[in-house]
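>>> Predicted model and sequence follow; I will ask about them next.
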Amino acid sequence: AGRTAEEKWLKRWLMLVAVLRLISVYKGYSDAEVFKHNLFPRARVGQVSELQGRTFAVWVSVTFMLCMLCASSMEKSIFIATFFSFVIALVFFSLEYFVYHTMTFNAILSPLVVASFSSIWMASFYMRYFMSSKAKTA
């Protein structure tokens, strides 16, 4: 019964994140200046182009699909791919903030919180339910 309740909440969270990602897709396709201003306000002139905005939108579209797939079916391989999409996002945004200095604290806050929270929750869920069920069947 415990997995069912937590799984239900995790699925809801993943659907919420997926919907929020659609907003990023729109921003990436609609206007590179808005995209640059909202996400990479410290980027130098020319660092953020319309092409990069569209490329970011494509990446976010893929992660949107992963979240929706995982929310509809907690199949192990989809779960792992979705988990790593959050880890990759966490690494990307951390590098942009701490190394390349293209983001402000306000700009990184939302993606950092979502990626961190999701990664931790999914790792915890994986260890409790996927790894424990593997141990029981071995």
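Happy to help now that I have it. Numbering: from 1, shown residues only.

>>> Now stretch 108-115: average pLDDT?
The average pLDDT for stretch 108-115 rounds to 96.

>>> What distance do you get for the spatially most central residue of the chain to P111?
Centrality entry for the chain: nearest residue to the mean C-alpha point is F86, 4.1 Å, by Cα atoms, centre = their mean. Going from F86 to P111 by Cβ to Cβ, to the nearest Å gives 10 Å. (Glycine included, C-beta is placed from N, CA and C.)

>>> do F83 as well
Distance from F83 to P111, by Cβ to Cβ: 16 Å.

>>> before we move on, the earlier item: can you point out the buried residues in the helix or strand the residue nearest to the centre of the chain falls within?
Following DSSP states H and E, the helix or strand that holds F86 is helix 76-98. Of all the residues in helix 76-98, those buried under the rule 16 or more other Cβ atoms under 10 Å are 78-79, 82-83, 85-86, 89-90, 93-94, 96-97.

>>> Counting by contacts, list what that helix packs against.
With contacts taken as 3 or more Cβ pairs under 8 Å, 6 or more residues apart in numbering; DSSP states H and E, helix 76-98 sits against helix 50-72, helix 105-125.

>>> which residues sit in contact with F56?
24, 28, 35, 39 (Cβ atoms under 8 Å, 6 or more residues apart in numbering).

>>> Could you do A123 as well?
F83.

>>> Kindly report the same for L66.
Counted by Cβ under 8 Å, 6+ apart, L66 has contacts 78, 81-82, 85.

>>> Tell me which helix or strand in the protein has the weakest average pLDDT.
helix 132-137 (a mean of 58; mean pLDDT, DSSP states H and E).

>>> quick one: contacts for the nearest residue to T63 once chain neighbours are set aside?
Spatial nearest neighbour of T63, chain neighbours left out: S85 (4.6 Å); criterion: Cβ to Cβ, 6 or more residues apart in numbering. With contact set as Cβ under 8 Å, 6+ apart, S85 has these partners: 62-63, 66-67.

>>> Drop the exposed ones from the residues you listed and show what's left.
63, 66-67.
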